[in-house]
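A.B. asks: Give me coordinates for this.
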Amino acid sequence: MYDLAAVQPDVELDPGTNLLVTGPPLTGKRRIALQILASGTERGDGAIVVSTKDSADKLIDEYEDLVGSVEGKPVGVVDCVTKQRGVGNAENTSQVKYASSPVDMTGIGIQLSEFLQEFYETRNVKRNRVLLHSVSTLLMYSNLQTVFRFLHVFTGRVQSADGLGLYVIDSTAHEQQTLNTLKQLFDGVIEVEDDGGEPSVRTVGLSTASNDQ
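C.D. replies: This is a model prediction of the structure:
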């Protein structure tokens, strides 16, 4: 079982669960998702972040604020922006793999699969948490049908690896019909709202430990 200890301690999740993290801009959606990954890293779970908005360097710096040094830990980043911007070194390492851009969904899928295979089979890490930040960026570059197909495959990979998948989307940037279409792919939703400067978190479609007893 997985948990959301960082935000909802009483929620228990089966392996293979995929969750959509929604909310308006600047409500701390990414930070909350990273905290959920970090709580797993602290107990030895793998963490894989697919970043379509920030470079791997920036993301790792932010993640190390939560967990300390990631050196030697099963933490990986699929960087979808550095090659597109044409800045910095974009050679794959044990911790960072590069896709050419957020449009390169085939490349993103390959790099994700390589991390999952490496963690699961080579490093014997059987519990892996995956974050895609963000679905909204994908929708800026590609149409809904293309993104839906990509996410269908992506969520399937997480499910078959018995992982936990988190997918961040800006709830105000898309039509409700788009959100409803995408929600079909997920087992539940984490809704983040701004509550007087503090993020307020609500889960939809998820059972709590007390409900299962």
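A.B. asks: Within its local environment, how many residues does Gly28 see?
C.D. replies: The tally of other residues near Gly28 (other Cβ atoms under 10 Å) stands at 17. Placement of C-beta: from N, CA and C, glycine included.
A.B. asks: now swap in Ser51 and tell me
C.D. replies: Neighbour number of Ser51 under other Cβ under 10 Å is 25.
A.B. asks: Got the phi and psi for Gly107?
C.D. replies: phi -60, psi -40 (degrees, to the nearest 10).
A.B. asks: Can you tell me how far it is from Val130?
C.D. replies: 16 Å (Cβ to Cβ, to the nearest Å).
A.B. asks: Those two: which is more packed in?
C.D. replies: Val130 (26 against 17).
A.B. asks: And the pLDDT for the more buried one?
C.D. replies: For Val130, the pLDDT comes out at 99.
A.B. asks: wouldn't it be in contact with Val50 here?
C.D. replies: Yes: counting by Cβ atoms under 8 Å, Val130 touches Val50, with 7.3 Å between them.
A.B. asks: what residues are shared contacts of those two?
C.D. replies: Shared contacts of Val130 and Val50 (Cβ atoms under 8 Å, 6 or more residues apart in numbering): Leu112.
A.B. asks: and the stretch of helix or strand Asp10 belongs to, how far from the chain's centre?
C.D. replies: Using DSSP states H and E, Asp10 falls within strand 8-13. On the basis of Cα atoms, centre = their mean, to the nearest Å, strand 8-13 sits 17 Å off its chain's mean C-alpha point.
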